[in-house]
Each structure stands twice: as C-alpha cells, then as structure tokens.
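Asks: sequence? don't have it. structure:
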C-alpha cells in the first residue's frame, strides 16, 4: 500500500533515460503557476487544453477517483503524493506530469467516529475535512480549478462510476483482497457497501457547479 518508486524503475516504464526522469512529492510549481495565470478557473476550454499539455488529466482523474473512493484521508496536493515526468524535451516523448498511487493504507485505520459516522464507507470524502490535513478534497487547488470545467466534471463522473461498478465491485475486490491475505469481509464490509454512499456523494458534489 506504500510502494517505493525509483527513477530507474520509472525510466523502464516510460522507455526513457534515468537522467531525464523528474519526480515530485507535491503538485509542481509550474502547475500552480499555470493555475494562477488563469485565476484558478479552468472553465475555459482553451485553458483546459493547455493544462492537458502539462499533465495527464485522464490519469489524474483515475488517481483522484481512487483516493476518494478508497477514503484516503491522509493525502493531499503536498502530502503522500508521487508524480513524475519525462524531461528530455524531445517532441516524441510524453513530457506531461503523471501520477502514481502511494500510501493507500488509510482505509485500514480511518476513525469513522471522527467523521461523525459509524462506518468508514459512510464518509463523504469529497466534502469532509481530512483529519490530518485539515481540509477536504474539494478544497485541493488543482481539483477545485478543474471542477469548474464542464468537460472535466462529466469525464470525472463517468470514470468514477465506472471504477465503482467494475474495479471496486465486490466480486473483483474479493480476488484482490485474497491475493494480499485479507478476508473478503475485511475493512468492515467496505467494498460491499461503499458504492451506495460515495457515488451519491459524488453526484451531489458535481451538481453544485
């Protein structure tokens, strides 16, 4: 749940020289500079397309959807984050920033009572403040700016529901749990019930825009 990533490993994934791999444990400043230039508002399609040239938005959607679905309340834009890019400058290379899942064990120790619920699967990860970060996912600067874009909201909603229905469906999750020596009913029946709550929370959140 807390994988270690090396530049050598990443270089093999993307078929690049190790010296060209740049990594970051926070959202890179160039992304924040771009958001600042656009007043943290990516509703304009031209601005959205520019951002797509800086980072892999589809990968970001998967990254955020998984963290939110799995109730990772110990990750934000400057904590427990791992990113990389190919900085070779070659026009044939993908020079965008990419995201890697990291430190995903919060599901096993979240204190549901702190969030005012009985079970972890009831937590509204979109709007409830993360205990050790003191802000909610909805407040993350990049996510908030992207959510102002209709295309992003539609794609996020579509992909989030798809992951809920397929990747995190109990029949699929059961096999993964057994692979890591967990019983299917581990984590307080999280994978059996989570979808019923979080997809509704997601819909309510997106309807606010």
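Replies: Thanks, I have the structure now. The structure displayed is predicted, hence computed values, not measured ones. Residues are numbered from 1 along each chain as shown.

Asks: in the protein, which spans are strands?
Replies: 21-24, 82-86, 98-100 (DSSP state E).

Asks: buried deepest among the ones you listed, which one?
Replies: Mean neighbour count (mean count of other CB atoms under 10 Å) peaks for strand 82-86 among those, with a mean of 22. C-beta: built from backbone N, CA, C; applies to glycine.

Asks: so what's the residue nearest the centre of the chain up against?
Replies: Residue closest to the average C-alpha location in the chain (CA atoms, centre = their mean): residue 64, at 1.8 Å. Each residue near residue 64 by CB atoms under 8 Å, 6 or more residues apart in numbering is listed here: 137, 143, 156.

Asks: skipping its backbone neighbours, what lies nearest the last one in space?
Replies: Spelled out, it's residue 156. If the residues on either side of it in the chain are set aside, residue 156 comes closest to residue 61, at 5.3 Å by CB to CB, 6 or more residues apart in numbering.

Asks: returning to that earlier point: for residue 156, see how far away the residue nearest to the centre of the chain is.
Replies: 8 Å (CB to CB, to the nearest Å).

Asks: OK, contacts around the nearest residue to residue 190 once chain neighbours are set aside?
Replies: In this structure, residue 190 finds its nearest non-sequential neighbour in residue 121, 4.9 Å apart by CB to CB, 6+ apart. Applying CB under 8 Å, 6+ apart, we find residue 121 in contact with 71, 188-190, 193-194, 197-198.

Asks: related to what we said a few turns ago, adding pLDDT, neighbour count and distance to residue 22, write the contacts of residue 64 out as JSON lines.
Replies: Shown next, in JSON lines, are the contacts of residue 64 (pLDDT from 0 to 100; neighbours: other CB atoms under 10 Å; distance: CB to CB, whole Å):
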{"residue": "137", "pLDDT": "98", "neighbour count": "24", "distance to residue 22": "25"}
{"residue": "143", "pLDDT": "98", "neighbour count": "19", "distance to residue 22": "22"}
{"residue": "156", "pLDDT": "98", "neighbour count": "24", "distance to residue 22": "26"}
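
Asks: go through those residues and name the one nearest residue 50.
Replies: Nearest to residue 50 among the contacts of residue 64: residue 143, at 17.3 Å, using CB to CB.

Asks: show me the contacts for the closest one.
Replies: Residues near residue 143 by CB under 8 Å, 6+ apart: 64, 137.
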